[in-house]
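Visitor: Provided below are the primary sequence and the corresponding predicted coordinates.
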Amino acid sequence: VICQRGTASAIMAAHTSMSDVVLSSSSTAFTTGISVLVDHGRNLIPRDRGGTSDPYIIFHLEHQKYKTKVKRKTLNPKWLEEFFFSCSETCTAPLQLDVYDKDMVGSDYMGSGCFDFSGLDMGETIDVTVRLTDTRKKKKPPLPSDELGVISLTVTRYREATKHGRKMLKAGEVEGSVKVAFDIVTLENISSACPSADSYVRIILDKYTYRTRTAHGNPPEWRQRLEIPVLGQGHHARFEVVYSTPCGTSEMVFCHATVDIAQLLLDFTYFRRFSLEDETEGYIGDLVVLVTINELNSDHNVPAALPPTPQQCGMLELTVHGCRNLPSKDIGGTSDPFVIVTLGNSRLRTTTKYKNLNPMWNKTFLLPVVDISDAVRIIVWDEDKNSKFQFIGSVEVPLMRVTDSNDVVELPLKNRHLSKLAQGEISMTFQLSYRTMQAYRNLIKPRPKKLMCPDRPQFQLSTFTSNVKRLTTVLTVLADVVHTVQALRHWEMGFWPSFSAMVLWVFVFSYGEVWWIPLILSGILMHHYFTCKSPPPIEGEDPEFSEDDPDEMQSSEPHRQKSVSLLRKYHAMQRVAQMVQNHVGDAAALGEKLHNLARSTVPLITRFVIVVMLTATLVLYLVPVRMLLIGYGVFAFTKAGLIRYHPFGFFERPPEWTSPNAALELLWRVPADPDLLRWHVDKEDAQHHSLFAKVRRHLLRRHQPQSTSRVRSKHNGPTSSARSELSAIASLNVPKASPQKISAV
């Protein structure tokens, strides 16, 4: 027997000691034993006429027995089956296995082996390679070879929960218990052998099975989180992608993959891409999964050192102290709150504080920072016994507005769309550290993809209407600029404005240089950077953001072909409407981002743009434009030629630099008006500063008649001029303003 002891023991010792686990006084809650994962066999002997075998294995431990499935016509079978044998901690009997070849009548012997697991500690996992030998007393008939092959196993000693123990685990009543969160994302790089049918993912952990909702289309996108409570980390999870027929009468299990939970750290999100293969079809695709392990009954304040992630530029240390004045979501007038912290693809959670409206956690998280323009999202949920969560409140904090002080920040909770205030407050402490040059380099790279957030939100009429209004505002501003230029050219704005514009035109095209452009732009940005102390708030609604509600996770499956066809037509129409809606939203967001960049909404990006503009000014001043264009062309053509024709591939382009547009990537980091709305706390004077409000005031001044009577009457009522303005606002479908605004008008 060849054993390979990995790092599981060290990891388990760093987080929890299984020997110190405090269990319930009831002896029926947990069963001590070993878990065996049968991985594969190699170089087995042929027992059939065709030079192959149909092997299966029978395991024995004391009075217990387990038989694997039969693998047809192979000498290198792959089972990926897991089972549990109960035994005491002082058990000295070895684990025995016998390999047989399945025939039409009876079976042929292929070899035996054993493994002594008495030296295995509780919670420890080891990989075992068992060499098969002939242990028969009468070696007749003789085997064709002395080398009978090997069987690869993974053995873990742990305590398995019974039905009563699982209830205790879900309630967090067991010391050392953890909750494993699997975020099932999608299936990528699908081959032609993958069928175009409805599919779901099945997770097998210990002897229990969990499944996601059914995804329609190809490639399938599930984007669902499954949280499974277990005792300790010495477990293996097996994934199966299951395809169902259109009528739902049969299922086809195509591929398998496993993950060793014992090798994972606490409070860290792991990105896993499993290559799925089928015995008959071959390569199927890659299953993308995010795995996170959180403790159930303790909030330790000393986070472990996290491994560095690719393109990481810093680390955010976030401490969630607690909440107060939370609303009651349960019948007894209390709630069972817990907090989920999301940054990029990291999704961590605190423990649940039962029957508490003012919970305290003092939980510290370490979150890797890849994009400094990202925002951390904190969501407070209420946990119920039926595993359905109720939304309480959320808050979103952009990293660019996080200060280096360790002061406790108390923020009011908002609704799901972050557009209105909700009941309750949350107190936190932020500490952000990052490398400046690496953060600036990441700003011009493609944005990291958030796997658990859909690329495009679903179609909603309110979102579509809002995007149309935003696009109309941007187009109105552009049309106003064009109208002003035409008015100057046709001398419609008076003599001196048009004459000044003509002189400026002649001067610029006579003496102007190209380096004036970045110099003027950098001057405008520096003016706003030094004059604007804080970004002005934005008024509006943001129905675009949507969060998956766990209460609406399960959808009814159609049982008839007609219902399936109607559902697919509905999905097709929804995709078309969704595409139109999102393109309108992108066009509106582009204009808003340009406007917010000019106003120095994000000081960090403004500093970066100022440095780039000044550098471009110096380069354009010293180097002629013609030489720059020639050098850029030679460099671009030379680099492309080396990448394409170099025989050794030394100039292969990294995947994250797939022809990015640096200026566009930087522009998309600037927040749009809905982003500023989600990040702003006080919304009283937001309407006065918004781009939409500026356009409304400009149109209002254009349509209203000239009047010099702008004083209020003696009875403090609005004058005729003010009443005309209010009627004009009502005709433009403007939302109602506050009494202070009406008095100002």
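Guide: Received, thanks. Residues are numbered from 1 along each chain as shown.
Visitor: Test for you: state the pLDDT assigned to G51.
Guide: Confidence per residue is given as pLDDT, and for G51 that number is 88.
Visitor: That one - that's part of a helix, no?
Guide: No - the assignment for G51 by DSSP: H, G, I helix; E, B strand; the rest coil gives coil, which leaves it out of any helix.
Visitor: and it, how many residues sit next to it?
Guide: Close neighbours of G51, defined as other C-beta atoms under 10 Å, add up to 9. To be clear about C-beta, it is placed using only N, CA and C from the backbone, and glycine gets the same treatment.
Visitor: Torsion angles phi and psi at it?
Guide: Dihedral angles of G51 (phi, psi; degrees, to the nearest 10) stand at phi 80, psi 10.
Visitor: do the same with the one 4 residues further on
Guide: In this entry, P55 is assigned phi and psi values of phi -80, psi 150 (degrees, to the nearest 10).
Visitor: switch to numbering from 15
Guide: Got it, first residue is 15 now, which makes that one P69.
Visitor: Do I have it right that it meets D115?
Guide: Yes - using C-beta atoms under 8 Å, P69 makes contact with D115 at a distance of 6.0 Å.
Visitor: which neighbours do the two share?
Guide: A shared contact of P69 and D115, defined by C-beta atoms under 8 Å, 6 or more residues apart in numbering, is any residue touching both; here these are M124.
Visitor: Which element, helix or strand, includes M641?
Guide: Under the criterion DSSP states H and E, the helix or strand holding M641 is helix 639-659.
Visitor: Same drill for P69 and D115, tell me which one is more crowded.
Guide: Remark: of P69 and D115, P69 carries more neighbours, 28 against 20, as counted by other C-beta under 10 Å.
Visitor: confidence score at the more buried one?
Guide: The predicted structure scores P69 at 93 on the pLDDT scale.
Visitor: which SS state does D396 fall under?
Guide: Reducing the assignment at D396 to three states with three-state DSSP gives strand.
Visitor: Show me how far whichever helix or strand K181 is part of is from its chain's centre.
Guide: Assigned by DSSP H and E, K181 falls within helix 177-184. For helix 177-184, the gap between its own C-alpha mean and the chain's C-alpha mean amounts to 30 Å (C-alpha atoms, centre = their mean, to the nearest Å).
Visitor: So for it, mean pLDDT?
Guide: Looking at helix 177-184 alone, the average pLDDT works out to 70.
Visitor: all helices for the stretch 515-664 of the chain, in order.
Guide: With DSSP state H, counting those that start in this stretch as the criterion, the stretch 515-664 of the chain has helices at 530-545, 575-612, 617-636, 639-659.
Visitor: Pull out the buried positions in the helix or strand containing S441.
Guide: Secondary structure assigned from DSSP H and E places S441 in strand 435-448. Of the residues in strand 435-448, those buried under the neighbour-count criterion (16 or more other C-beta atoms under 10 Å) are A436, G438, E439, I440, M442, T443, F444, L446, Y448.
Visitor: Are we agreed that L485 is in a helix?
Guide: Yes - the assignment for L485 is a helix, going by three-state DSSP.
Visitor: close enough to count as contact, it and H597?
Guide: No - counting by C-beta under 8 Å, L485 stays clear of H597, with 9.5 Å between them.
Visitor: Which of the helices of the stretch 515-664 of the chain sits closest to D300?
Guide: helix 575-612 (23.7 Å; C-beta to C-beta).
Visitor: for that closest one, packing partners?
Guide: Of the remaining helices and strands, those touching helix 575-612 by 3 or more C-beta pairs under 8 Å, 6 or more residues apart in numbering; DSSP states H and E are helix 475-503, helix 530-545, helix 617-636, helix 676-682, helix 687-693.
Visitor: Now do that helix against helix 530-545, angle only.
Guide: Orientation check (axes from the mean of the first three to the mean of the last three C-alpha atoms, to 10 degrees): helix 575-612 against helix 530-545 gives 90 degrees.
Visitor: could you check the angle helix 475-503 makes with helix 575-612?
Guide: Here helix 575-612 runs at an angle of 40 degrees relative to helix 475-503 (the same axes, to 10 degrees).
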